[in-house]
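Engineer: Below: sequence and its predicted model.
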Amino acid sequence: VLDNTTGEQIYDSIQKGFLFKDTITNQDTLIKVTDSTIEEIRASEPVTSITPESYTLENDKISISVTNQGGHINVAKLKEYKTYRAYMAEEEEYLQLFDENSNYGIDFYDGKGKMNSSDFAFNLVDQTDSTLTLEMANPSGKIVGYKYTLGANTYDVDFSIYFKGFSDAEADDLAFNANMKLLSTEKDLPSEQRISTVFFKYKDDSYDYLSIGGDDEEVLEETLEWFAFKQAYFSALLINESTGFKPTNDSKLEVLNLEETDTAYIKKYKANLNLGITNIANTIDLKWYFGPNDYEILALHNNGSEDIVDLGWGLFRWINVYLLMPVFSFFMNLGLGGGIAIFLLTLIVKLALSPVNYKMYKSSAMMKVLKPEIDKLAKKFPKKDDAMKKQQATMALYRETGVSPMAGCIPMLIQMPILFAIFR
């Protein structure tokens with residue numbers, strides 16, 4: 001219940017409680033609270049009126065910073081990687097995936113209309129070495145809470161969202177809203193932009209992606225399992241481990257090209273997705289992945305997210321996944337450098353294809369030997385009317401010598417998919 005004059009929630013200082021309107025009985029209900037929790041329930045300040053403060057979680061692989069201005073992760077750094085600029089300058093600087101110009105929050109409604117949790121200050125509730133819990137409260141007492149958990153030796157950040165002061169009817173409108181700009185990390189920005197877009201996967205379906213070249217969007221048609229803001233070599237991936245993101249008219253994913261003068265970022269990525277909540281008491285379990293586009297690491301999620309790695313399509317992808325990648329990974333696991341591993345993989349492929357190449361070269365050599373005989377047949381049957389006789393004589397020559405004109409083509413067709421796959 002709000003005060004008609006101030007618009008703030010009414011607190012009964014005598015009975016020590018807040019007044020709430022029971023939507024079923026239409027009666028005012030007093031919910032008593034202790035003095036220690038009064039400040040926690042009072043409305044959070046707008047983000048523009050507070051002093052910025054960040055809370056950090058890190059392990060051996062990544063470091064994330066969570067801001068009190070909206071409660072979102074505003075910095076994600078990968079400790080095992082550097083940008084091209086840092087590498088050339090020989091700087092000990094971690095690769096940063098995005099910065100404070102990226103944000104996300106929860107859209108919700110109350111008596112004053114649509115609000116977003118990213119517009120409110122989040123108060124620290126609890127922090128340990130691996131967890132971080134923050135909450136915000138709007139003037140009507142609706143509370144949105146975030147809990148981040150970062151385990152050891154992983155790129156995954158467990159992201160749980162919970163709600164207080166909401167009804168089940170209001171739960172249907174709760175949506176996750178993200179606006180992110182991934183930072184450029186490589187030497188050539190246009191090359192990064194050409195292979196950066198949004199990947200996504202519906203439940204019980206294969207992956208799909210938005211246009212790589214231009215602006216594009218996808219309005220959800222089914223329940224969404226995960227989506228990835230992908231750039232050339234790294235991604236920010238969000239997995240819904242609860243019910244999945246629900247398809248509504250407003251649920252969509254977008255990718256937008258930036259102005260040519262904006263060279264610090266690759267593209268703009270947007271997501272507006274209904275959380276698919278049916279019971280407001282339930283916690284929504286999401287998982288962020290901030291890391292490399294590594295097939296084996298992504299495959300550990302067991303949800304098809306490894307498909308964001310471009311390994312070609314159809315037969316070429318099959319050859320890469322089941323033949324070339326296991327061999328390459330074997331060499332890398334031996335502690336060999338990437339260059340040596342590529343050299344050894346190339347050598348093995350050449351050795352494996354050597355019987356095919358031998359047959360192709362042999363056929364080519366035999367055709368050269370037969371060329372004088374074929375030229376004689378051409379002189380013997382110079383007229384067009386003798387074309388059939390010439391063809392029959394040529395085929396008879398092939399049979400006698402055991403040469404097939406297709407023997408050079410078939411080996412080439414056999415090795416082409418393997419060579420295209422290794423190029424990918």
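Structural biologist: Arrived safely, thanks for sending.

Engineer: Flag the shaky bits of the stretch 251-400 of the chain, pLDDT-wise.
Structural biologist: 311-317, 320, 322 (pLDDT under 70).

Engineer: wait, what's in contact with the residue of the chain most remote from its centre?
Structural biologist: Relative to the centre of the chain, the most outlying C-alpha is that of Lys380, 67.4 Å out, by CA atoms, centre = their mean. By CB atoms under 8 Å, 6 or more residues apart in numbering, the contact set of Lys380 is Lys390, Ala393. For glycine as for every other residue, the C-beta is placed from the backbone atoms N, C-alpha and C.

Engineer: What distance do you get for it to Glu218?
Structural biologist: According to CB to CB, to the nearest Å, Lys380 and Glu218 sit 67 Å apart.

Engineer: ok, the residue farthest from the centre of the chain to Lys268 distance?
Structural biologist: 72 Å.

Engineer: Specify the beta-bridge partners of the residue nearest the centre of the chain.
Structural biologist: Geometric centre of the chain, nearest residue: Ala228, 2.3 Å, by CA atoms, centre = their mean. Here Ala228 sits in beta bridges with Phe199, Leu237, as judged by DSSP bridges.

Engineer: Verify the stated contact: it with Val309.
Structural biologist: No. The pair Ala228 / Val309 is not scored as a contact, 10.5 Å apart, by CB atoms under 8 Å.

Engineer: residues contacting the closest residue to Ile284 other than its chain neighbours?
Structural biologist: Nearest residue to Ile284 in three dimensions, chain neighbours excluded: Ile161, at 4.4 Å (CB to CB, 6 or more residues apart in numbering). Ile161 sits next to Ile106, Val144, Gly145, Tyr146, Lys147, Leu275, Thr283, Ile284, Leu286 when contact means CB under 8 Å, 6+ apart.

Engineer: How many residues are close by the first one?
Structural biologist: With neighbours defined by other CB atoms under 10 Å, the count for Ile106 comes to 20.

Engineer: any idea how far the helix or strand encompassing Pro355 is from the chain center?
Structural biologist: Assigned by DSSP states H and E, Pro355 falls within helix 338-380. Distance of helix 338-380 from the chain centroid (CA atoms, centre = their mean, to the nearest Å) equals 43 Å.

Engineer: after it comes which helix or strand?
Structural biologist: Heading C-terminal from helix 338-380, the first helix or strand you meet, by DSSP H and E, is helix 387-401.

Engineer: Buried residues, that next one. List them.
Structural biologist: Of the residues in helix 387-401, Lys390, Ala393, Thr394, Tyr398 count as buried by neighbour count, 16 or more other CB atoms under 10 Å.

Engineer: Just want the angle from it to helix 338-380.
Structural biologist: Here the directions of helix 387-401 and helix 338-380 differ by 130 degrees (axes from the mean of the first three to the mean of the last three CA atoms, to 10 degrees).

Engineer: who does helix 387-401 touch, helix- and strand-wise?
Structural biologist: helix 338-380 (3 or more CB pairs under 8 Å, 6 or more residues apart in numbering; DSSP states H and E).

Engineer: For the contacts of Ile161, work out which two are farthest apart.
Structural biologist: Lys147 and Leu275 (15.2 Å; CB to CB).

Engineer: okay, the two: which has more neighbours?
Structural biologist: The neighbour comparison of Lys147 against Leu275 (other CB under 10 Å) goes to Leu275, with 23 against 18.
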